[in-house]
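In: how would this look folded up:
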Amino acid sequence: MRSVSKKELFEVMPVPKAIATMAIPTIISQLVNLIYNTVDTIFIGRTGDPSKTAAVTVAFTIFMMTVAFSNLCGIGGGSLIARLIGARREDDARRVSAFSFYCAIGIALLYSLLIGVLLDPILHLLGASDATIGYARQYVLVVVVAGNLPVILSQTVAHLLRNSGYSRQASIGLSGGILNILLDPLFMFVLLPEGMEVLGAAIATLLANVAACVYLLLTFRRVSKTAPLSFRPRDARAIRAPELKSLFAVGVPSAALTALFDTANIFLNSLMSVHGDLELAAIGIVMKAERLPNAINIGLCQGMLPIVAYNYSSGNRERMSKVIRSVRVYGLIIAAVSLVLFEILAAPIVQLFLSTSAGKIDDAVTTIGYAALFLQIRCIASIPQFLNYHTSFCMQAVGNGRDTLLHSFCRELVFYIPFMYLLDALFGKVGLVCALIAGESCGAILALLLFARWKRRTIR
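Out: Sure, this is the predicted structure:
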C-alpha cells in the first residue's frame, strides 16, 4: 500500500477517508483502554462482593484525573503543534512538543505526591465507607501514587504523536490494555491469596501502563528524527511566551473539561453513597458500561481535532467545516444506536460486571437491579453528551480556549451538579441519576450557541 504523506492526509485526501485514517486507530485505542479499565471491574465483580466494586468506583475517579493532566500538555500542546505544522512553523512545533513532554513529567510527579499525602481524606470525600476504603486505598496507592507517571506521560506523548499525523502509532501505544487483560486473572486469582483481588488488579494495571509508556517513548524517539517533534531539554527551555500562551489557552480548558467532569462524578458518588454501598456500586457499574459509546465518540473527535486544527491554521475553512459536519453526523448516529441498545439490553450488560453465583448473592442481585435501571435512564443523555464532546473538541482545535473553558464550567458547575442536588432532593436516587440528562442537554445547547457565535465572528 502506498504510504500517505501527512500533507496529503490533512490537505487533499477525501474527507471521509481522512477522518477514517485518523479516527479509526484512535477509536480502537479508546476501546482497548475502555476494555482494560473495565476489565478490572468485571474481574473484581466475579468475587460477588459489591464492596470491592464500590471501592474501585471510588478509586477510579482519582485515576481519571490523570486524563485531565495529560490533556493539559497533550491536547494543549498537540492542538498547537497541528496548527504550527499547518502554518509551516516546524521549529516552533518542536519546542512545543519538548515543553509538553517535560511539563507532563512534572505534573505527574506532583499529582502522585498530593494523592499520597492526602489519600484517606480524599477517599472519604469521594464516598468511601469503612467497608470500601481499605480496598480503594490498595488500588490508588499502586495505580495512581506509584503508577501515575507512566499514565500521564504515555497519554501526553500519544496526543503529540496523533496531532503530528501519527494516529496509528499513538493508538498502538495506548493499547497496552491487552496486556492488562492477560495479567488481571494471573495476579487476582493465581499469584495473590484470596481476598487480595483488588490489589492484584492494581498491580496488573500498573505493569500494563508501564509497558505502554515504554513503547510510546521509543516510538516518539524514532518518529522525532523526521517529524517536528522533540524531547530535547534545550528545545523545552527555548519555548517562547506566545507559544506558552497558545498552549495553555487550549490546554487549561481541556484539562478543566475533564477535571470538572471528574468533579461532577465526585459529587455523584458522594450523593449516591448516602443511599448505600449497593447504589454506589450500581452507579459505578453504569459509568463503566456507558463509556462504550463515549469512547467511540471521543476517539472520533480526537481523530478529527488535528485535521480541523491544521486546516484552520492553513486557511482552508471549507475543508475544516466539512470535517466538522461529517464527524457530527457520524457521532450522532453512534449515540442514537447506543441509546437503543442500552434501553433493550441494560440488564444483560450490567450482569457482566457482577456475579450472582458467588459471594454476597442477595446484595449482588439488588445491585444489578439498580444498575439496569440507572443505565436505562442515563443512556438518554447519549445524544446531548456527544454534542458536548464534539463542539468542545472543535473549539479546542481552533484555539478557542475561552469558550471551551466557559462551556466546561457551565456544563458541570452551573447545570449538572445543581441538578444533582435538586433532583436528588425531589426524587431520591432516581432523580439523582436523571440529573445527567438535564445537565448534558443544557450543556449541549450552550456549546452549540458558543460555537455558532465563534463561527459568525471568525468565518466570513
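
In: residues contacting the most centrally placed residue in the chain?
Out: Centroid-nearest residue in the chain, with Cα atoms, centre = their mean: V67, separated by 5.6 Å. V67 makes contact with Q155, T258, according to Cβ atoms under 8 Å, 6 or more residues apart in numbering. Just so you know, the C-beta spots here come from the backbone N, C-alpha and C atoms, and that holds for glycine as well.

In: got it, and S246?
Out: By Cβ under 8 Å, 6+ apart, S246 lies in contact with L80, R83, G399.

In: pLDDT value on the first one, please?
Out: Spelled out, it's L80. Per-residue confidence (pLDDT) for L80: 86.

In: same thing with the one 3 residues further on?
Out: The model reports R83 with a pLDDT of 83.

In: Not including adjacent chain positions, what is the nearest residue to it?
Out: S313 (3.9 Å; Cβ to Cβ, 6 or more residues apart in numbering).

In: pretty sure that neighbour contacts I81?
Out: No: counting by Cβ atoms under 8 Å, S313 stays clear of I81, with 10.5 Å between them.

In: between the two, who's got more neighbours?
Out: I81 (33 against 22; other Cβ atoms under 10 Å).

In: From F220, how far out is that one?
Out: Counting by Cβ to Cβ, to the nearest Å, the gap from I81 to F220 is 13 Å.

In: Now for these two: what residues contact both?
Out: In contact with both I81 and F220: L160, L229, using Cβ under 8 Å, 6+ apart.

In: Look at G276 and say how many residues are nearby.
Out: Residues near G276, counting by other Cβ under 10 Å: 18.

In: Could you identify the helix or strand that succeeds the helix or strand of the chain with the lowest mean pLDDT?
Out: Lowest on mean pLDDT, DSSP states H and E among the helices and strands of the chain sits helix 167-173, with a mean of 70. Elements were assigned by DSSP states H and E; along the chain past helix 167-173, the next helix or strand is helix 177-186.

In: where does T21 land on pLDDT?
Out: For T21, the pLDDT comes out at 85.

In: That one reaches G165, doesn't it?
Out: No: assessed by Cβ under 8 Å, T21 is found out of contact with G165, at 9.2 Å.

In: Compare these two (neighbour count), which wins?
Out: In this view T21 and G165 are compared by other Cβ under 10 Å, and G165 has more residues nearby, 26 against 17.

In: That one: what secondary structure?
Out: Here G165 is coil, with the state taken from DSSP: H, G, I helix; E, B strand; the rest coil.

In: ok, it - contacts?
Out: G165 touches K6, L9, F10, M22, I85, A227, P306, counting by Cβ under 8 Å, 6+ apart.

In: PyMOL command to pick out the buried ones of those residues?
Out: The buried subset of the contacts of G165, as determined by 16 or more other Cβ atoms under 10 Å, is captured in PyMOL by this line:
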select buried, resi 9+10+22+85+227+306
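
In: Show me the two of the contacts of G165 that sit farthest apart.
Out: By the measure Cβ to Cβ, M22 and A227 form the most distant pair in these, at 15.2 Å.

In: roughly how far out does the one helix or strand A201 maps to sit from the chain middle?
Out: Following DSSP H and E, one finds A201 within helix 197-223. Relative to its chain's centre, helix 197-223 lies at 17 Å (Cα atoms, centre = their mean, to the nearest Å).

In: just checking, I178 touches I28?
Out: No: with contact defined as Cβ under 8 Å, I178 does not reach I28; the gap is 11.2 Å.

In: What separation is there between V157 and L218?
Out: 10 Å.

In: quick one: which of the two has more around it?
Out: Taking other Cβ under 10 Å, V157 and L218 do not tie; V157 has more neighbours (32 against 11).

In: and the more buried one, what helix or strand is that in?
Out: With DSSP H and E as criterion, V157 is part of helix 148-163.

In: try Q396
Out: helix 382-397.

In: and that helix, what does it pack onto?
Out: Judged by 3 or more Cβ pairs under 8 Å, 6 or more residues apart in numbering; DSSP states H and E, helix 382-397 is in contact with helix 50-86, helix 241-275, helix 291-314, helix 317-351, helix 401-409, helix 417-458.

In: Report the buried residues of the second one.
Out: What it means is helix 241-275. Buried residues in helix 241-275, counted by 16+ other Cβ under 10 Å: 243-244, 246-273, 275.

In: Kindly report the same for the fourth one.
Out: Under the neighbour-count criterion of 16+ other Cβ under 10 Å, helix 317-351 has 319-320, 322-324, 327-328, 330-332, 334-335, 338-339, 342, 346, 349-351 buried.

In: quick one, it and helix 382-397 angle?
Out: 140 degrees (axes from the mean of the first three to the mean of the last three Cα atoms, to 10 degrees).

In: quick thing: my sequence starts at 641, can you match it?
Out: All right, first residue 641 from here; so that's helix 957-991.

In: Show me how far helix 957-991 is from its chain's centre.
Out: On Cα atoms, centre = their mean, the centre of helix 957-991 falls 17 Å from that of its chain.

In: again, but for the last one
Out: Per Cα atoms, centre = their mean, the displacement of helix 1057-1098 from the mean C-alpha position of its chain is 19 Å.

In: I'd like the average pLDDT over that helix.
Out: For helix 1057-1098, the per-residue pLDDT averages 93.

In: that older thread, CA atoms only for the helix holding Q1036, dumped as CSV, please.
Out: Extracted as CSV, the C-alpha positions of helix 1022-1037 are listed here (Å, rounded to 0.1, in the frame of the first residue of the first chain):
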residue,chain,number,x,y,z
SER,A,1022,-26.1,10.0,24.9
ILE,A,1023,-27.0,12.4,22.1
PRO,A,1024,-26.5,15.7,24.0
GLN,A,1025,-23.4,14.2,25.6
PHE,A,1026,-21.9,13.7,22.1
LEU,A,1027,-22.8,17.2,21.1
ASN,A,1028,-20.9,18.5,24.1
TYR,A,1029,-17.8,16.4,23.2
HIS,A,1030,-17.9,17.3,19.5
THR,A,1031,-18.3,21.0,20.0
SER,A,1032,-15.7,21.2,22.7
PHE,A,1033,-13.1,19.4,20.6
CYS,A,1034,-13.9,21.8,17.7
MET,A,1035,-13.3,24.8,19.9
GLN,A,1036,-10.0,23.3,21.1
ALA,A,1037,-8.9,22.6,17.6
